[in-house]
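> what follows is a predicted structure for the sequence shown.
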Amino acid sequence: MQGIRLAIAAAAVALLALVAAPAGAQEIAPPSKAKGATLARVAAPTFARSKLAGPRRGHSVSTQTSWSGQAQQLLVLASETWGGQEWVKLLLAVRPNGTSGWVPRDHVVLGRTPYWVEVGVGRRLVTVFRNGKSVRRFEAVVGKPSTPTPLGLAAIYEVTRQPNPGGFLGPWVLPLTSLSNVLKDFGGGPGRVAIHGRGGASFNDPLGSARSHGCIRVDNQHISWMASHVPAGAPVLVKG
């Protein structure tokens, strides 16, 4: 799925869909189809605690994504005051899928997106919602039985333009925070799942089929639309 390191200028495209809000002036609610989600751009290297109380265990979080070095923007799940400080709970792009961690609120820049993406693996459909209303729906190729697309809540990790828009991945790749539960190393990367376009040999797998290594392949017109509207950090719910 992951090939040559890709141009990072596309990160600016994703940020165009982000509605900025000043820290301290924003109510943080869990992500939802009806109301969208709060996003956090990591402004300074930080440590995400698995739990606020107890031993300091968790994960280091960089200001950049691990693959193409884009500005790291993650989905906010919750907020809380602890130890006299405000904290936000982020969905992390690490194994196991669904891992989250608490970081100080003053280490991130908060914003919101009205977008929510749902992937129906059984129906092999991708639906994009804006403020709770369906704005796009299209067929997809999903993971085959031996390398299934992992289920659960994820988020867009990067928005990356491809150097060869006619290649296997199409013109854009939207890697997710989720990783394959089967493939621990694939294409030079950690087996990260992505929504991407189609080209070359990937046209051999018709839309509506289950033939990928876990990625979600869609028509190029749809992935291009998503790349220009849905920002990094936006929630992606993958259902059976």
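Cool, got the structure. Note that this is a predicted model, so its numbers are computed, not measured. Numbers count the residues shown, from 1 in each chain.
> residue closest to the middle of this structure?
residue 156 (1.4 Å; Cα atoms, centre = their mean).
> got a list of what that one touches?
Neighbour list for residue 156: 14, 117, 174-177, 195, 230-234, 236 [criterion: Cβ atoms under 8 Å, 6 or more residues apart in numbering]. Placement of C-beta: from N, CA and C, glycine included.
> again, but for residue 166
Counting by Cβ under 8 Å, 6+ apart, residue 166 touches 199-200.
> still on that earlier bit, quick check: the residue nearest to the centre of the chain vs residue 86, distance?
25 Å (Cβ to Cβ, to the nearest Å).
> just residue 93 next, same as before
On the measure of Cβ to Cβ, residue 93 and residue 86 end up 23 Å apart.
> and those two? Which one has more around it.
residue 93 (26 against 15; other Cβ atoms under 10 Å).
> what's the spacing between the residue nearest to residue 124 when sequence neighbours are not counted and residue 57?
Nearest non-adjacent residue to residue 124, counting by Cβ to Cβ, 6 or more residues apart in numbering: residue 208, 4.9 Å away. Residue 208 sits 43 Å away from residue 57 when distances are taken as Cβ to Cβ.
> what about this protein, any weak spots by pLDDT?
The chain contains residues with pLDDT under 70 at 1-27.
> tabulate the contacts of residue 156 (a markdown table), appending distance to residue 61.
As requested, these are exported to a markdown table (distance: Cβ to Cβ, whole Å):
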| residue | distance to residue 61 |
| --- | --- |
| 14 | 18 |
| 117 | 23 |
| 174 | 20 |
| 175 | 17 |
| 176 | 17 |
| 177 | 12 |
| 195 | 23 |
| 230 | 22 |
| 231 | 18 |
| 232 | 14 |
| 233 | 13 |
| 234 | 18 |
| 236 | 20 |
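> which of the residues you listed sits closest to residue 217?
For the contacts of residue 156, the residue nearest residue 217 by Cβ to Cβ is residue 195; the value is 7.9 Å.
> whichever helix or strand that closest one is part of: partners in the sheet, and parallel or antiparallel?
Using DSSP states H and E, residue 195 maps to strand 192-196. Strand pairing for strand 192-196, determined by DSSP bridges: strand 172-179 (antiparallel), strand 216-217 (parallel).
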